[in-house]
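Asker: Sequence and computational prediction follow.
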Amino acid sequence: MNKIMSLLGSALLNRRIVGAAILAVVLFTLAVDLAGLVFPCPYCRVQRFALGVLALILMLKSYDALWSRYIATVVGMMGLVVGISQNFNHIKKINNGSFDWSALWIGHPWILSGLAILALTWQLFLIFDVDRRSAR
């Protein structure tokens with residue numbers, strides 16, 4: 001069990017594996033969106049763009065260069081602001097009593113925006129090497 005957890009932990013810290021997995025999800029959701037199988041959500045499109053750009057940066061050799069980090073900061077924060085705004089709009093519906101709890105499943109925008117927020121944060125952590133120990 002410790003071996004499995006160790007492998008999972010190292011895979012989640014491998015920027016190329018994380019970038020490739022997120023890019024695969026982004027390309028799949030882009031195809032579903034372009035095929036017209038889902039509602040054309042502007043929030044989702046911005047988050048998808050941000051996830052895709054950060055995934056491409058993660059797979060670059062110079063992911064930690066200044067220009068890469070600048071682009072990652074601007075695009076990542078844009079995606080986070082949009083994702084948090086979408087999530088907050090659903091929380092407002094919960095407080096108003098107009099939230100449809102029966103429609104809550106993995107494809108619900110509230111769940112998907114929460115997952116996008118988690119993925120964007122994880123990608124930014126990997127780009128900025130948050131897992132490195134302090135030089136103290």
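Answerer: Nice, I can see it.
Asker: low-confidence ranges in this protein?
Answerer: 131, 133-136 (pLDDT under 70).
Asker: Output the longest helix belonging to it.
Answerer: Across the chain, the longest stretch assigned as helix under DSSP state H is helix 66-96.
Asker: So which bits of it are buried?
Answerer: Residues of helix 66-96 classed as buried: 68-69, 71-72, 75-76, 78-80, 82-83, 86-87, 90 (neighbour count, 16 or more other CB atoms under 10 Å). Backbone N, C-alpha and C define where each C-beta goes, glycine included.
Asker: and if you look at stretch 38-56?
Answerer: Buried residues in stretch 38-56, counted by 16+ other CB under 10 Å: 43-44, 46-56.
Asker: Show me the contact partners of that stretch.
Answerer: 18-20, 22-23, 25-27, 29-30, 32-33, 71-72, 75-76, 78-80, 82-83, 85-86, 109, 112-113, 116, 119-120, 123-124, 127 (CB atoms under 8 Å, 6 or more residues apart in numbering).
Asker: likewise stretch 16-23?
Answerer: Outside of stretch 16-23, the residues within contact range by CB under 8 Å, 6+ apart are 11-12, 51-52, 54-59, 119, 122-123, 126.
Asker: what's the farthest-apart pair in those residues?
Answerer: Greatest spatial distance in these: 11 and 52, 20.4 Å, computed using CB to CB.
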